[in-house]
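S.K.: Turn this into a structure:
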Amino acid sequence: MRLNDPLPISPSYRGPLFQTVAWQVGLGVFSGLVFDGGILARICLIASITFWAGALVVICRRPQSPTKTDLKFLKDGYLPLMLVATALVFGVRKMKGID
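M.R.: Numbers count the residues shown, from 1 in each chain. Okay, the predicted model is just below:
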């Protein structure tokens, strides 16, 4: 494989990845507009980085033959991760007495 070659992944990844990017852009813009000192925007960024690390593992493990679970994770995995990250961050902030 040369540097200029396209990634050898299955075309069935395209739809779920496109939907996830749309969710991330939408939630990223929304979280940037919230007047909370950037807390929600940082949570969104952390959730995005975490999601893409997991997505990279999923795609690298089965580049040509994704399972239904792989595609489901790539399609719908970001939103639950964002909710969990938000709950954890605000829970820790509450325990520390910041809010």
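
S.K.: give me phi/psi at the residue lying closest to residue 85 once chain neighbours are set aside?
M.R.: Nearest non-adjacent residue to residue 85, counting by CB to CB, 6 or more residues apart in numbering: residue 47, 4.4 Å away. C-betas here are computed from N, CA, C, even on glycine. Note on residue 47: backbone dihedrals following degrees, to the nearest 10 are phi -60, psi -40.

S.K.: give me every residue that touches residue 47.
M.R.: Residues near residue 47 by CB atoms under 8 Å, 6 or more residues apart in numbering: 78, 81-82, 85-86.

S.K.: can you give me the helices in the chain?
M.R.: 14-33, 39-61, 68-76, 78-96 (DSSP state H).

S.K.: between these, which one is nearest to residue 8?
M.R.: Each of the helices of the chain has some distance to residue 8 by CB to CB; the shortest is helix 39-61, at 10.4 Å.

S.K.: What mean pLDDT does that closest one get?
M.R.: Per-residue pLDDT values over helix 39-61 give a mean of 94.

S.K.: That one to helix 78-96, inter-axis angle?
M.R.: Helix 39-61 and helix 78-96 are oriented at 130 degrees to each other (axes from the mean of the first three to the mean of the last three CA atoms, to 10 degrees).

S.K.: And helix 39-61, what's buried?
M.R.: Of the residues in helix 39-61, 39-41, 43-48, 50-52, 55, 58-59 count as buried by neighbour count, 16 or more other CB atoms under 10 Å.

S.K.: Which residue is the nearest non-sequential neighbour of residue 24?
M.R.: Spatial nearest neighbour of residue 24, excluding adjacent residues (CB to CB, 6+ apart): residue 48 at 5.4 Å.

S.K.: Would you check that that neighbour makes contact with residue 25?
M.R.: No. Checked against CB atoms under 8 Å, the pair residue 48 and residue 25 is beyond contact range at 9.9 Å.
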